[in-house]
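Chemist: predicted model, plus sequence, below.
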Amino acid sequence: MKNQFKKFISSTVDYHNFKGALEIASELNCGIEISRFGRLKDIEDLFDVTKKEYKAALRDFEGEVTLHGFFSNLNVAAKDPLIREVSEKRYYQSLELACEFNAKTVVFHTCFNNLLKHKEYRQLYFRSNIEFFHEFIPYFEKEGIIATIENVHEPDWELIRSIVATINSPNLKATIDIGHCNLHSDYPISEWIKNYGIMLHHMHFHNNYKDEDSHSSLLKGSLDIEPIIKTLNEMQLSPQITFEIFDKDELFESVKYFDDIADKLRQG
């Protein structure tokens, strides 16, 4: 079976210039993933104003839209009720934005801290996420939007896969961020893909040399991209692909590089 990937670029390629990011997406014939909505320090006062500005900018955009949910300093599994309260508020605001912008996918982080090497911490984190997503995902089901959980510091797929499997909803799936895998996991991307299987809905593509989360070109890092695309083809998976690359020139070369590999594998 031949695979075609829906491609998106992250709005972070033109940081805090959303119209500029939309122009780049259109030039590349890609959709847009809205990331780092507005300026976080002003979000309480300017949420509605910024929402209107983004919606106006999207009016003439012909591509599809995805949304990266709020994530900075958030933790829906926090013990502190005030931290949990603001975290849940930002997650629900992310859903509100998705509805407003007609985004059919929203990406969330778990904010899991892999430096805490305690079995009890991992178990509590899992239970707390289950409690939250059990209440949260029905809203996505109602709106026909898919929520996905992205790996950041997770060393493997177990936590996210267990959350998705336990909630057991077609509206909760997984995102693989290959750059984060390269930094924080000893497993090849192919193993992440195989362990998620049909849970995999979305991927973030960028590269690094395992030293920092640089969000570099696919050609600047220690990850080999071709085996990743080959594994997706072999498993007949067609996740959405977002190029989460911060430099414009590196973004353009990465989209071309990805397309060249995908075309070569399809022809082969």
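Modeler: Perfect, thanks for sending it.
Chemist: residue ranges in the stretch 1-150 of the chain under the pLDDT threshold?
Modeler: 1-3 (pLDDT under 70).
Chemist: would you map the helices across it?
Modeler: 18-27, 43-58, 81-101, 119-143 (DSSP state H, counting those that start in this stretch).
Chemist: Serialize these to a markdown table and add fields for distance to F258 and mean neighbour count.
Modeler: Every residue, glycine included, has its C-beta placed from N, CA and C. Output for the helices of the stretch 1-150 of the chain, formatted as a markdown table (distance: least, CB to CB, whole Å; neighbours: other CB atoms under 10 Å):
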| stretch | distance to F258 | mean neighbour count |
| --- | --- | --- |
| helix 18-27 | 15 | 18 |
| helix 43-58 | 25 | 14 |
| helix 81-101 | 25 | 17 |
| helix 119-143 | 28 | 15 |
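Chemist: as CSV, these with distance to D224 would be great.
Modeler: CSV is the format used below for the helices of the stretch 1-150 of the chain (distance: least, CB to CB, whole Å):
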stretch, distance to D224
helix 18-27, 26
helix 43-58, 35
helix 81-101, 33
helix 119-143, 30
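Chemist: and the host helix or strand of Y257, what does it pack against?
Modeler: Secondary structure from DSSP states H and E places Y257 in helix 248-267. Counting contacts by 3 or more CB pairs under 8 Å, 6 or more residues apart in numbering; DSSP states H and E, helix 248-267 packs against strand 7-10, helix 225-234, strand 240-243.
Chemist: can you say which of the ones you listed is nearest to A174?
Modeler: strand 240-243 (11.8 Å; CB to CB).
Chemist: still on that earlier bit, of the helices of the stretch 1-150 of the chain, which approaches S190 most closely?
Modeler: That would be helix 119-143 among these, by CB to CB, at 24.5 Å.
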